[in-house]
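Novice: What would the 3D arrangement of this be:
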Amino acid sequence: MSNLLYLVAVLLIIGWAVGFIGFHTGGIIHILLIIAVIAVILRIIQGSRAG
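Specialist: This next block holds a predicted model:
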């Protein structure tokens with residue numbers, strides 16, 4: 001499950017970067033970045049519990 005979270009976070013960060021550079025659509029891109037950061041934080045927290 002944590003690998004899936006990591007994959008989603010990476011995809012969202014890539015999507016944010018492409019959208020920010022390519023389309024510059026405004027607020028929706030920043031929402032994607034926030035979701036990606038939250039996913040990474042959740043993965044770090046869950047990784048700490050497992051160890």
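
Novice: middle-most residue in the protein, spatially?
Specialist: Ala36 (1.6 Å; Cα atoms, centre = their mean).

Novice: buried stuff in the longest helix seen in the chain?
Specialist: Counting residues, the longest helix found in the chain (DSSP state H) is helix 27-50. By 16 or more other Cβ atoms under 10 Å, the buried positions in helix 27-50 come out as Ile29, Leu32, Leu33, Ile35, Ala36, Ala39, Val40, Arg43. Glycine gets a C-beta too; all of them are placed from N, C-alpha and C.

Novice: Present the residues you listed as TSV; the columns should include pLDDT.
Specialist: Formatted as TSV, those follow (pLDDT from 0 to 100):
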residue	pLDDT
Ile29	69
Leu32	77
Leu33	79
Ile35	83
Ala36	83
Ala39	84
Val40	83
Arg43	83
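
Novice: follow-up on the earlier one: which secondary structure elements does the longest helix of the chain contact?
Specialist: Applying 3 or more Cβ pairs under 8 Å, 6 or more residues apart in numbering; DSSP states H and E, one finds that helix 27-50 makes contact with helix 2-18.

Novice: who's in contact with the residue nearest to the centre of the chain?
Specialist: Val8, Ala9, Val10, Leu12, Ile13, Trp16 (Cβ atoms under 8 Å, 6 or more residues apart in numbering).

Novice: For the nearest residue to it once chain neighbours are set aside, list the residues it contacts.
Specialist: Sequence neighbours aside, Leu12 is the residue nearest to Ala36 in space, at 3.5 Å (criterion: Cβ to Cβ, 6 or more residues apart in numbering). By Cβ under 8 Å, 6+ apart, the contact set of Leu12 is Leu32, Leu33, Ile35, Ala36, Ala39.

Novice: Looking at these, which one is closest to Asn3?
Specialist: Ala39 (11.8 Å; Cβ to Cβ).
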